[in-house]
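*Asks:* Predicted model and sequence below, questions to follow.
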Amino acid sequence: MGFGIFQMFWCMVYYVQSVEYLYVGRLLAGMTGGASYVVLPTFLSEIADNNISGRLGSMILLMVNTGVLSSYIVSSNFNYFTTPLLIIALPVCYFIGNFLFQETPHHLIRRGKFTEAQNSFRFYKNIGRDDIKAESEFEDLKIQLIKAEKEKAQSFNYRDFSE
């Protein structure tokens, strides 16, 4: 969803009719950027090995600065109407690239796909088949997530507000 909003921002920049389009577009870009600061660290904490999660988390700021630098470079070398078209292509390439990677083990466990979740767990943790510690770590993760889902199901939901 975030990439769609970000692309809407660049479409608004490209087809701007008045300054109000830029205000709305900037609001959309700010929401998308702010959400990525919440979602990305959570995703990294779910999938990353404890040995490298700190390094991956610190990469967020490096990626943001690289993006800002590349946008300055692109906008200074291309005209106003070419820049948004180039920038719109980047999230599309990223979105297509995401289809090459596996789902997180957390998502697969919540869907009840335990074999796929174990394979995904091994993929993201870079663990071989014969690691006993990984087996117990995966089982602990599975038990925690199933327990959390049961507790969540017993807590309030949207139906509580509508009845």
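*Replies:* Perfect, thanks for sending it.

*Asks:* make it CA atoms for all contacts and neighbour counts henceforth
*Replies:* Fine.

*Asks:* any idea how far residue 128 is from the residue nearest in space to the middle of the chain?
*Replies:* For the chain, the residue nearest the mean C-alpha position is residue 40 (5.1 Å; CA atoms, centre = their mean). Here the distance between residue 40 and residue 128 works out to 26 Å (CA to CA, to the nearest Å).

*Asks:* just residue 5 next, same as before
*Replies:* Look at residue 5 and residue 128: by CA to CA, they are 39 Å apart.

*Asks:* Then residue 69?
*Replies:* Distance from residue 69 to residue 128, counting by CA to CA: 39 Å.

*Asks:* And residue 60, by the same measure?
*Replies:* From residue 60 across to residue 128, the span is 28 Å (CA to CA).

*Asks:* neighbour count winner among those two?
*Replies:* Neighbours were counted for residue 60 and for residue 128 using other CA atoms under 10 Å; residue 60 has more, 15 against 10.

*Asks:* Could you list the low-confidence segments of this structure?
*Replies:* Across the chain, the stretches falling below the confidence threshold (pLDDT under 70) are 1-4, 6, 49-50, 91, 98, 102, 129-130, 153-163.

*Asks:* What residue spans form the domains of it?
*Replies:* Listed by automatic domain parsing, the domain ranges of the chain are 2-98, 105-155.

*Asks:* Quick check: buried residues in the longest helix belonging to the chain?
*Replies:* Counting residues, the longest helix found in the chain (DSSP state H) is helix 19-47. Of all the residues in helix 19-47, those buried under the rule 16 or more other CA atoms under 10 Å are 21-22, 25-26, 28-29, 32, 41, 46-47.

*Asks:* for stretch 139-150, same thing?
*Replies:* Buried residues in stretch 139-150, counted by 16+ other CA under 10 Å: 141-142, 145-146.

*Asks:* try stretch 54-61
*Replies:* Buried residues in stretch 54-61, defined by neighbour count with 16+ other CA under 10 Å: residue 57.

*Asks:* Now render the buried residues of stretch 139-150 as TSV, adding secondary structure and distance to residue 54.
*Replies:* Formatted as TSV, these follow (DSSP: H, G, I helix; E, B strand; the rest coil; distance: CA to CA, whole Å):
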residue	secondary structure	distance to residue 54
141	helix	20
142	helix	23
145	helix	23
146	helix	27
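
*Asks:* and of those, the nearest to residue 84?
*Replies:* Using CA to CA, the shortest approach to residue 84 within the buried residues of stretch 139-150 belongs to residue 145, at 41.6 Å.

*Asks:* Could you find the closest non-adjacent residue to residue 9?
*Replies:* residue 25 (4.4 Å; CA to CA, 6 or more residues apart in numbering).

*Asks:* Many thanks, have a good one.
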